[in-house]
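> Got a predicted structure plus its sequence, pasted below:
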Amino acid sequence: MSIPALMPVYPRCDVRPVRGEGCYLIGERGERYLDFAAGIAVNCLGHGHPHLTKKIQEQTATLMHVSNMYGSPQGEHLAQRLVDNTFADTVFFTNSGAEAVECAIKTARRYHFANGNAQRHTLITFGSAFHGRTIGAISATNQPKMREGFEPLAPGFKYADFNDLEGALALIDDNTAGFLVEPIQGEGGIRPADEAFLKGLRKACDEHGLLLVLDEVQAGYGRTGKFFAHELYGITPDIMAAAKGIGGGFPLGACLATEEAAKGMVFGTHGSTYGGNPLAMAAGEAVLDVMLEDGFFEHVETMGNRLRSALEQMIPNHDDLFELVRGHGLMLGIKMKHPSRDFVAHLRDNHGLLTVAAGDNTVRLLPPLIIEQSHIDEAVEKLSAGARAYVPPTDD
Ligand SMILES: *Cc1c(COP(=O)(O)O)cnc(C)c1O
């Protein structure tokens, strides 16, 4: 047997975390890392947050799981809080981002079906998009590295370039259901949608009876300094996928929709064994308890602005390496002049700073949303020291 017991689909690095403390991860050998990856935008409250930990512990002892056959006071309560704080009228809970996207795709198709327009099944999606790893979600991206060898994929998707409004509008035909788009592409390299682009998609949806489906799995949940990133753009979606930060590290996702957009999702059309179980709901409640406190989003915005200006000050000192900084709040990317993966490894192995590589030569900074000035100072010091000591591989 040469295949590892753990299916080898990840090129795992040498960091082997065994404990977390706030904004730090501790490895097997006791070494500490400043965690500006946060489980890829998941650990929004950092590691071992007392309120989240306590709520999960209490719920585990009270009631962990029941079937969705039964009434769910826990699910009703969390869904109501989301409805009260967003554009949405209704929520379906999932266990992951891909499942939230899957539910969003099904909700969009079912809306047109319920209107007697079953032929309106095709979602227009965008270059470099990432929507997850299910067959539905990889069908919704045109990135070959995610699709190769998994064909045949699901029909019902067309691809336009990100931020190309005219190109997207030109794809609209009798089969179009709507658009599926990340307001800020995460895996694609922290690339924000232009305001005119998102507003243009919204307007086209209103004019043509189409649905705007947003994937806010990475950009949502306080990451940008707003509860959801579309608030930065002054638009609302009809359907939205959320996940990552929503459970603070507990596996949870959600598909949110307006009453109109969800009109096709009647009894029997969708389901999940675990989705929205009491333990997951306790995690979701605990995250919201903290996030909806006065000043939380302002804190993210303030820290984001400070981190960004510190990065913008640092970049000119290393203009052979870095090109620019982009993003919003604490969803920031440094676009490099070289592939970013090797620099991310260098920061991790030699400077104790965890970041995440992304598309378009980008280093992603996605710290816990509870960081303080001291963490920003430490991260920027490590980044500067890392940049000074860095020798890019010669073959690029
Ligand atoms: C991470 C991510 C997903 C997939 O979430 P999983 O929980 O890994 O299934 C989907 N969309 C976006 C934008 C993401 O960043």
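Looks like it came in fine. Given the structure is predicted, the values throughout are model-derived calculations rather than measurements.

> hmm, who's touching stretch 370-389?
With contacts defined as C-beta atoms under 8 Å, 6 or more residues apart in numbering, stretch 370-389 is touched by 22-23, 34, 36, 44-46, 49, 299, 303, 306-307, 310-311, 314, 317-318, 321-322, 330, 343, 346-347, 350-353, 365, 367. C-beta here means a position set from N, CA and C on the backbone, and glycine is covered the same way.

> So for that stretch, what gets flagged as buried?
For stretch 370-389, the neighbour count (16 or more other C-beta atoms under 10 Å) marks 370-371, 375-376, 378-380, 382-384, 386-387 as buried.

> right, and the pair among those with maximum separation?
Of all pairs drawn from the buried residues of stretch 370-389, the one with the longest distance (C-beta to C-beta) is Ile370 and Ala387, at 26.2 Å.

> Next, the distance between the ends of stretch 41-50.
End-to-end distance of stretch 41-50: 19 Å, with C-alpha to C-alpha, to the nearest Å as the criterion.

> How about residues contacting it?
Contact partners of stretch 41-50, identified using C-beta under 8 Å, 6+ apart, comprise 19-25, 35, 38, 51-52, 186, 218, 221-223, 244-245, 247-249, 286-287, 290-291, 331, 366, 368-370.

> Give the other helices and strands that the lowest-mean-pLDDT helix or strand in the chain contacts.
Here the helix or strand of the chain ranked lowest by mean pLDDT, DSSP states H and E is helix 144-147, holding a mean of 94. With contacts defined as 3 or more C-beta pairs under 8 Å, 6 or more residues apart in numbering; DSSP states H and E, helix 144-147 has these neighbours: helix 135-139.

> Using PDB, write out every CA atom in the helix it packs on.
This file holds the C-alpha atoms of helix 135-139, laid out as PDB (Å, rounded to 0.1, in the frame of the first residue of the first chain):
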ATOM      1  CA  ILE A 135     -20.100  18.600  -9.300                       C
ATOM      2  CA  GLY A 136     -22.500  21.500  -9.300                       C
ATOM      3  CA  ALA A 137     -20.000  23.900  -7.900                       C
ATOM      4  CA  ILE A 138     -17.200  22.900 -10.300                       C
ATOM      5  CA  SER A 139     -19.600  23.100 -13.200                       C
END
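
> what bridges to the residue in the stretch 251-396 of the chain positioned nearest to the ligand?
Here the residue of the stretch 251-396 of the chain nearest the ligand is Gly253; by C-beta to the nearest ligand atom that distance is 6.2 Å. Following DSSP bridges, Gly253 is listed with bridge partners Thr94.

> ok, which of the contacts of stretch 41-50 also contact the ligand?
With C-beta under 6 Å from any ligand atom as the criterion, the contacts of stretch 41-50 include 186, 218, 244 near the ligand.
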